[in-house]
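**Student:** Sequence first, then the predicted structure, then my questions.
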Amino acid sequence: MCSVISRVKPVRRALALTLRLGASTERSSYAAAERRRFSPGVTARVDPLLAPCRSYCSRMALTEGLLFRQLFEKESSTYTYLLADTETKEAILVDPVLETIDRDLKLIHELGVNLKVAVNTHCHADHITSTGLMKKRLVGLKSAISKYSGATADILLSEGDKITFGKHYLTVRETPGHTDGCVTLVSWDQSMAFTGDALLIRGCGRTDFQQEKIFTLPDQCLVYPAHDYLGQTASTVGEERKFNPRLTKSLVEFVNIMNNLNLPKPKKIDISVPANLVCGVHEV
């Protein structure tokens, strides 16, 4: 078994980093902000880069000049996120999955964007990333992952690094806990945070088989996790600070919860982790 899946340091470290700020009240403008930010449906004869939504995207952030798509892989309940600058057409992809590589490449081609970077929020244990194979099919594409993940990639990320695409960028925040190499990717205006497994909707990633700052973001910052098993697509920092059943507990209660989850080993951990340590490049 790979060393990455050795038992984690005490979960106290994860909670201490995550709960940097104490609980605060939800802002009263949250509901109005949600309505402005999300837009359902799509009309015909609209430039695909400017369309508010598509059938494969449940929600889209309405930020000027930004294309955003949230994609789903059903076997591992993984979310993949495509972000692009509508002017320069430069794009990045967050947490791509091997099984959906054809779907993702088809979408990238349809939208006419130039994918610059495919980034993983951590070394996944429940699926194999498609970054390695995707690099073989898209000239110039670079892979990225935290330097603390133990994985190889073209770009090894550290706290404060910026992943740019056109006039936009995501800032790297190191949020260890689920794994030592977990990062959260925060948009330039702090309106969105791609939290990987460090913070889930009303939950957090398990801390028992691999090696958080998120709560310092504004309450209205949208939380986009790497997984959701109940069909939820997004949350906010304010919601999670107020309602997350794990992260609203005391330190002692949190440690007790995480030590007694009694979850089965992820089905694909024995093949996913070794493959992801080499950027997903292996015999498939």
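**Tutor:** Now that the structure is in, tell me what you want to look at.

**Student:** For residue 229, which residues are in contact?
**Tutor:** Contacts for residue 229 (Cβ atoms under 8 Å, 6 or more residues apart in numbering) come out as residue 77. Using the backbone N, CA and C atoms, a C-beta is placed for each residue, glycine as well.

**Student:** so it, which of the three states?
**Tutor:** coil (DSSP: H, G, I helix; E, B strand; the rest coil).

**Student:** Dihedrals phi and psi, it?
**Tutor:** phi -100, psi 0 (degrees, to the nearest 10).

**Student:** I'd like the distance between it and residue 111.
**Tutor:** 28 Å (Cβ to Cβ, to the nearest Å).

**Student:** One more: residue 84?
**Tutor:** Residue 84 is 7 Å from residue 111, by Cβ to Cβ.

**Student:** How about residue 197?
**Tutor:** Separation of residue 197 from residue 111 (Cβ to Cβ): 27 Å.

**Student:** more neighbours, those two?
**Tutor:** A direct count of neighbours by other Cβ atoms under 10 Å for residue 197 and residue 111 places residue 197 higher, at 26 against 19.

**Student:** what about residue 106, how many neighbours?
**Tutor:** Using other Cβ under 10 Å: residue 106 sits among 11 other residues.

**Student:** I'd guess it is in a helix, am I close?
**Tutor:** Yes - checked against three-state DSSP, residue 106 lies within a helix.

**Student:** How about the secondary structure of residue 156?
**Tutor:** Once three-state DSSP is applied, residue 156 turns out strand.

**Student:** Show me what it is bridged to.
**Tutor:** For residue 156, the beta-bridge assignment (DSSP bridges) gives partners residue 145.

**Student:** check contacts around it.
**Tutor:** Residue 156 makes contact with 144, 145, 146, 147, according to Cβ under 8 Å, 6+ apart.

**Student:** Name the nearest of these relative to residue 182.
**Tutor:** Checking the contacts of residue 156 against residue 182 by Cβ to Cβ gives residue 146 as the nearest, at 7.1 Å.

**Student:** For stretch 63-81, list every residue counted as buried.
**Tutor:** 63, 66-73, 76-81 (16 or more other Cβ atoms under 10 Å).

**Student:** Hmm, I typed the wrong one, I wanted stretch 236-248.
**Tutor:** Under the neighbour-count criterion of 16+ other Cβ under 10 Å, stretch 236-248 has 236, 237, 238, 239, 240, 241, 244, 246, 247 buried.

**Student:** Same check on stretch 87-94?
**Tutor:** Buried residues in stretch 87-94, counted by 16+ other Cβ under 10 Å: 89, 90, 91, 92, 93, 94.

**Student:** Tell me which of the buried residues of stretch 236-248 has the lowest pLDDT.
**Tutor:** Within the buried residues of stretch 236-248, the minimum per-residue pLDDT falls on residue 246 (68).

**Student:** for this structure, which spans come out with low pLDDT?
**Tutor:** Applying pLDDT under 70 to the chain flags the ranges 1-62, 126-127, 177-178, 204-212, 246, 248-251, 254-271, 273, 276, 279-284.

**Student:** And the strands in it?
**Tutor:** For the chain, strands defined by DSSP state E occupy the ranges 66-73, 78-85, 90-94, 114-119, 142-146, 155-157, 162-165, 168-174, 183-187, 192-196, 222-225, 235-236.

**Student:** Measure how the fifth one sits relative to strand 192-196, angle-wise.
**Tutor:** Using axes from the mean of the first three to the mean of the last three Cα atoms, to 10 degrees, one finds that strand 142-146 and strand 192-196 are set 80 degrees apart in direction.

**Student:** mind listing the helices in the chain by residue range?
**Tutor:** With DSSP state H, the ranges of helices along the chain come out as 12-18, 30-37, 101-111, 131-137, 237-243, 251-259, 269-276.

**Student:** can you put the buried residues of stretch 87-94 in JSON lines and add distance to residue 277?
**Tutor:** JSON lines is the format used below for those (distance: Cβ to Cβ, whole Å):
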{"residue": "89", "distance to residue 277": "32"}
{"residue": "90", "distance to residue 277": "28"}
{"residue": "91", "distance to residue 277": "25"}
{"residue": "92", "distance to residue 277": "22"}
{"residue": "93", "distance to residue 277": "19"}
{"residue": "94", "distance to residue 277": "19"}
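
**Student:** Of all pairs in those residues, which one is the farthest apart?
**Tutor:** Farthest pair in the buried residues of stretch 87-94, by Cβ to Cβ: 89 and 94, 17.5 Å.
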